[in-house]
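Chemist: pasting a predicted model and its sequence here:
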Protein chains: 2
Amino acid sequence: MRVVLASASPARLRILTAAGLDPAVEVADLDEKAVLDSVAHASVGEKVTTLASAKATTIARRIAGAHPDALVIGCDSMLHLDGELVGKPADADEVRRRWRAMAGRTGELLTGHAVLRMVDGEIDRVAEGHAVTVVRFGEPTNAELDAYIGTGEPLAVAGAFTLDGLGGWFVEGIDGDPSNVIGLSLPLVRRLLAGVGVTVTDLWQR
Amino acid sequence: MRVVLASASPARLRILTAAGLDPAVEVADLDEKAVLDSVAHASVGEKVTTLASAKATTIARRIAGAHPDALVIGCDSMLHLDGELVGKPADADEVRRRWRAMAGRTGELLTGHAVLRMVDGEIDRVAEGHAVTVVRFGEPTNAELDAYIGTGEPLAVAGAFTLDGLGGWFVEGIDGDPSNVIGLSLPLVRRLLAGVGVTVTDLWQR
């Protein structure tokens, strides 16, 4: 059964590859704002799940001809901080402001997933859900924060930090699943796969 | 300043590399049992710190000629489960027994670190400490556990699981620093480096 990751994120692909899968990658060109507007009053968990589902459904339709019996995994992640949803920072100044607000405090990283099982080019079964991981931010000095910004890393990612790169020095700890923070929750995807009748170990390529 | 990782663990090297360092690797051929016997009544945290320190000191002496101004990072990790320290499993049967005991429960992963700053071939400053991360194990089915054992992965690692490989599917979550579970706590090493007068971002190679 072909596994298709409906995400452009190299970090998500790395997680799946390190965990034994060899997915194809297909990227949905989604109007995320329009999807979010349709669930404006939903909880954050419902929002990330709705976006993950919209991405997976778009890709399922696209690949139905080429891969009629695929498993499509959709993903969406957001950082929830002080009651606000935080995306990618616009520039270095915003990274500095964000880190001043985050340092020494906690945020919630939410990842939503949708797993679609396709049979003969049709979506046969669907399982969806989201997971929350609390992130406890460290307190980088001004010099450390300037060096971090200088690498460009925090400018490229939602929440202005990574757990699996240079940002790992500045995260004191988490409460929850670490792969969820990087954008693909392995234990949640395992449960969703079981929900569509697939045992994850049957997908391992080694 | 040359950074030297006093550990044979490829997972530890991967963490440091992903976090921007480019360490040399030197492996101490230590009589760990003799070191542990010398601190038989110490706490688990003191035990892993003592082992990390013994490894780092051994390597510091060895490289003093070639790298007189190096930073040496020593590491040791243990899983603490039901009041017992758990190392690498002996065989597949032991992996099965361990996972039956761990499934759906928690263990504590302890990593000790010693950071030695060498000046002119002498150990000039030392900082040591340990960190604890709680690991909440999932409940793999018998078929999943058999498949996991079949890959060989759980046989090669202390505690019979990994967080950064196939085992990630079977860890529901953690409370603490994820890099600590893999064997090298980035936030703790950052603090220990500061303790010997080094800013971690000055060591970044990108």
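Modeler: Yep, that arrived. Numbers count the residues shown, from 1 in each chain, chains lettered A, B, ... in the order given.

Chemist: look up how far residue A:111 lies from residue A:14.
Modeler: Note on residue A:14: its distance to residue A:111, by CB to CB, to the nearest Å, is 15 Å. Yep, even glycine has a C-beta here, placed from its N, CA and C like the rest.

Chemist: who has more neighbours out of those two?
Modeler: For residue A:14 versus residue A:111, neighbours defined as other CB atoms under 10 Å in any protein chain shown are more numerous around residue A:111 (29 against 15).

Chemist: which residues does the more buried one contact?
Modeler: A:48, A:52, A:75-77, A:130-131, A:133, A:180-181, A:183-185, A:188 (CB atoms under 8 Å, 6 or more residues apart in numbering or on different chains).

Chemist: in helices only, show me those residues.
Modeler: A:48, A:52, A:180, A:181, A:188 (DSSP state H).

Chemist: burial of the last one, as a residue count?
Modeler: Residue crowding around residue A:188 was assessed by other CB under 10 Å; the count is 21.

Chemist: quick one: the helix or strand of chain A with the lowest mean pLDDT to chain centroid distance?
Modeler: The least trusted helix or strand in chain A, going by mean pLDDT, DSSP states H and E, turns out to be strand A:84-86, with a mean of 87. Chain-centre distance of strand A:84-86: 15 Å, with CA atoms, centre = their mean, to the nearest Å.

Chemist: cool, stretch A:109-126 as well?
Modeler: Distance, centroid of stretch A:109-126 to centroid of chain: 15 Å (CA atoms, centre = their mean).

Chemist: how near is the residue lying farthest from the centre of chain A to residue B:115?
Modeler: In chain A, the residue that sits farthest from the middle, by CA atoms, centre = their mean, is residue A:143; the gap is 29.7 Å. Relative to residue B:115, residue A:143 is positioned 19 Å away (CB to CB).

Chemist: and if you look at residue A:141?
Modeler: When residue A:141 is compared with residue B:115 (using CB to CB), they lie 18 Å apart.

Chemist: so where do the strands sit in chain A?
Modeler: Counting by DSSP state E, chain A has strands at residues A:3-6, A:24-25, A:71-81, A:84-86, A:106-119, A:122-137, A:171-176.

Chemist: out of the ones you listed, which gets nearest to residue B:123?
Modeler: For the strands of chain A, proximity to residue B:123 was assessed by CB to CB; strand A:171-176 is nearest, at 28.1 Å.

Chemist: kindly export the closest one (C-alpha atoms) in CSV.
Modeler: Below are the C-alpha coordinates for strand A:171-176, written out as CSV (Å, rounded to 0.1, in the frame of the first residue of the first chain):
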residue,chain,number,x,y,z
VAL,A,171,13.6,24.4,24.7
GLU,A,172,13.8,23.3,28.3
GLY,A,173,11.2,20.5,28.0
ILE,A,174,7.9,19.4,26.7
ASP,A,175,4.9,17.5,28.1
GLY,A,176,3.4,15.3,25.4
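
Chemist: which bits of chain A sit near chain B?
Modeler: Proximity of chain A to chain B (CB under 8 Å from any CB of the partner chain) is limited to residues A:15, A:18-20, A:133, A:138, A:141, A:143-144, A:147-148, A:151, A:163-166, A:168-179, A:181, A:186-187, A:189-190, A:199-202, A:204, A:206.

Chemist: contacting residues around the residue lying closest to residue A:11 once chain neighbours are set aside?
Modeler: Closest residue to residue A:11 apart from its sequence neighbours, by CB to CB, 6 or more residues apart in numbering or on different chains: residue A:182 at 5.0 Å. Counting by CB under 8 Å, 6+ apart, residue A:182 touches A:11, A:12, A:15, A:162, A:163, A:164.

Chemist: recalculate using a threshold of 10 Å.
Modeler: A:9, A:11-12, A:14-15, A:77, A:109, A:111, A:133, A:157, A:162-165, B:178 (CB atoms under 10 Å, 6 or more residues apart in numbering or on different chains).

Chemist: measure the residue farthest from the centre of chain A to residue B:201 for me?
Modeler: 7 Å.

Chemist: repeat for residue A:157
Modeler: With CB to CB as the criterion, residue A:157 and residue B:201 are 18 Å apart.

Chemist: picking up where we left off before, which ones among the contacts of residue A:182 lie within helices?
Modeler: Those of the contacts of residue A:182 lying in helices (DSSP H): A:11, A:12, A:14, A:15, B:178.

Chemist: what about the residue lying closest to the third one once chain neighbours are set aside, how many residues nearby?
Modeler: In this case it means residue A:14. Sequence neighbours aside, residue A:164 is the residue nearest to residue A:14 in space, at 7.5 Å (criterion: CB to CB, 6+ apart). By other CB under 10 Å, 20 other residues sit near residue A:164.

Chemist: same deal with residue A:92?
Modeler: 15.

Chemist: need the pLDDT of it.
Modeler: Per-residue pLDDT puts residue A:92 at 96.

Chemist: neighbour-wise, which of the contacts of residue A:111 leads?
Modeler: Counting by other CB under 10 Å, top hit in the contacts of residue A:111: residue A:185 with 32 neighbours.

Chemist: contact partners for the residue nearest the centre of chain A?
Modeler: Closest to where the C-alpha atoms of chain A average out (CA atoms, centre = their mean) is residue A:183, at 2.8 Å. By CB under 10 Å, 6+ apart, the contact set of residue A:183 is A:7, A:9-15, A:75-77, A:109, A:111, A:113, A:157-158, A:162-164.
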